[in-house]
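A.B. asks: Here is my input, please return the structure:
(2 chains)
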2 protein chains.
Amino acid sequence: MYGKGAKAERDIVKKLWEMDFAAIRMPGSGRSSVVPHPDILAGNRKLYLGIEIKTTKRERYYFNQEDVKKLVDFSSRFGCHPLMGIRFVRRWRFFKIDDLAETRTGFRADFENGKDIGEIISILGNDGSGHVD
Amino acid sequence: MYGKGAKAERDIVKKLWEMDFAAIRMPGSGRSSVVPHPDILAGNRKLYLGIEIKTTKRERYYFNQEDVKKLVDFSSRFGCHPLMGIRFVRRWRFFKIDDLAETRTGFRADFENGKDIGEIISILGNDGSGHVD
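C.D. replies: Numbers count the residues shown, from 1 in each chain, chains lettered A, B, ... in the order given. A predicted model of the protein is given here:
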């Protein structure tokens, strides 16, 4: 399970470098670390991304409020877009926080509401503000 | 030696959080890693910093060209200011690449040409351009 997550993170880091970002993966994922941080930080001089990576065999993924809050807090302090990147059985989908559905205890990412990485970067790059939600 | 470097990096990360940055330390320092990256990445929505950390017991520190090139390449791709942070016997000094002296084989950081962290952040924040050298 851990190995699978690390492999998924490396795949996205590689993809981001191919898309002209500088991207780094932060082992530990913030859980054991003193400072909460996203799994991946990426930048291309114009756009900065903080990405939390998950893998699932289902069509949806549930986040508790704390997971989402940590990513949002870090991102608004650093100055990056908070994104959830989920690998649903070999298909990646990326979600802005707005793209998640609220549940009673947290948030839900539905496969059909996600976008592929190129699409989401293009949306973020074109939303005017430049670098922070 | 390794432990000392890690401790120095953690001290600077802590200091940056106290100064309202979000900062993360990246273990491995890029040497063994596939992707070269600075020891610390920090951001405060306006200013982004990529910092390489060193410790020395002398009054100067020598970098080879490759070390400097890696930091500059990552930083210009990501969109952050490349900085060298050096702990000279309990006193920290920070250097922009311009503050380093060129040598025949690389660069030299002289204690007296460095600045403290608050000073360098203030200089970078006031140099107009916003986020990239």
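
A.B. asks: contacts, neighbours, all on C-alpha from now
C.D. replies: Fine.

A.B. asks: could you pull out the helices for chain A?
C.D. replies: Under the criterion DSSP state H, helices of chain A are mapped to A:2-18, A:65-78, A:117-125.

A.B. asks: Would you mind naming what in chain A lies close to chain B?
C.D. replies: Proximity of chain A to chain B (CA under 8 Å from any CA of the partner chain) is limited to residues A:20-24, A:26, A:35, A:37, A:42-46, A:74, A:76-80, A:132.

A.B. asks: are any of those buried, and which?
C.D. replies: Using 16 or more other CA atoms under 10 Å in any protein chain shown as the burial test, the residues of chain A next to chain B include A:21-24, A:26, A:35, A:37, A:42-45, A:74, A:76-80, A:132 as buried.

A.B. asks: Mind checking which of the residues you listed are in strands?
C.D. replies: Applying DSSP state E to these, the entries found in strands are A:22-24, A:42-43.

A.B. asks: can the helices of chain A go into a markdown table with extra columns for distance to residue B:15 and mean pLDDT?
C.D. replies: Formatted as a markdown table, the helices of chain A follow (distance: least, CA to CA, whole Å; pLDDT from 0 to 100):
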| stretch | distance to residue B:15 | mean pLDDT |
| --- | --- | --- |
| helix A:2-18 | 28 | 87 |
| helix A:65-78 | 15 | 96 |
| helix A:117-125 | 31 | 95 |
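
A.B. asks: Of all those, which one comes closest to residue A:54?
C.D. replies: Proximity to residue A:54 (CA to CA) singles out helix A:2-18 among the helices of chain A, at 6.8 Å.

A.B. asks: list the buried ones in that closest one?
C.D. replies: The neighbour-count check on helix A:2-18 (16+ other CA under 10 Å) flags A:5-6, A:8-10, A:12-14, A:16-17 as buried.

A.B. asks: now that helix, how far from the centre of its chain.
C.D. replies: How far helix A:2-18 lies from its chain's middle: 12 Å, per CA atoms, centre = their mean, to the nearest Å.

A.B. asks: got the phi/psi numbers for the spatially most distant residue from the centre of chain A?
C.D. replies: Distance from the C-alpha centroid of chain A peaks at residue A:104, with 21.8 Å (CA atoms, centre = their mean). Backbone torsions for residue A:104, taken as degrees, to the nearest 10, come to phi -70, psi -30.

A.B. asks: Please report how far it lies from chain B.
C.D. replies: The gap separating residue A:104 from chain B is 30 Å, by CA to the nearest CA, to the nearest Å.

A.B. asks: returning to that earlier point: would you turn the helices of chain A into JSON lines with distance to residue B:121?
C.D. replies: Converted to JSON lines, the helices of chain A look like this (distance: least, CA to CA, whole Å):
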{"stretch": "helix A:2-18", "distance to residue B:121": "28"}
{"stretch": "helix A:65-78", "distance to residue B:121": "15"}
{"stretch": "helix A:117-125", "distance to residue B:121": "27"}
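
A.B. asks: Now do the contacts for the residue lying closest to residue A:63 once chain neighbours are set aside.
C.D. replies: In space, and not counting its chain neighbours, residue A:63 is closest to residue A:107: 5.1 Å by CA to CA, 6 or more residues apart in numbering or on different chains. For residue A:107, the contact set (CA atoms under 8 Å, 6 or more residues apart in numbering or on different chains) comprises A:62-65, A:68, A:100-101.

A.B. asks: Could you check how far residue A:75 is from residue B:42?
C.D. replies: From residue A:75 over to residue B:42 the distance is 11 Å, taken as CA to CA, to the nearest Å.

A.B. asks: ok, now residue A:99?
C.D. replies: The spacing between residue A:99 and residue B:42, counted by CA to CA, is 27 Å.

A.B. asks: for residue A:52, which residues make a bridge with it?
C.D. replies: Judged by DSSP bridges, the bridge partners of residue A:52 are residue A:84.

A.B. asks: Isn't it up against residue A:81?
C.D. replies: No: taking contacts as CA atoms under 8 Å, residue A:52 lies outside contact range of residue A:81: 11.0 Å.

A.B. asks: If you count surrounding residues, which of these two has more?
C.D. replies: A count of neighbours by other CA atoms under 10 Å in any protein chain shown puts residue A:81 above the other of residue A:52 and residue A:81, at 25 against 21.
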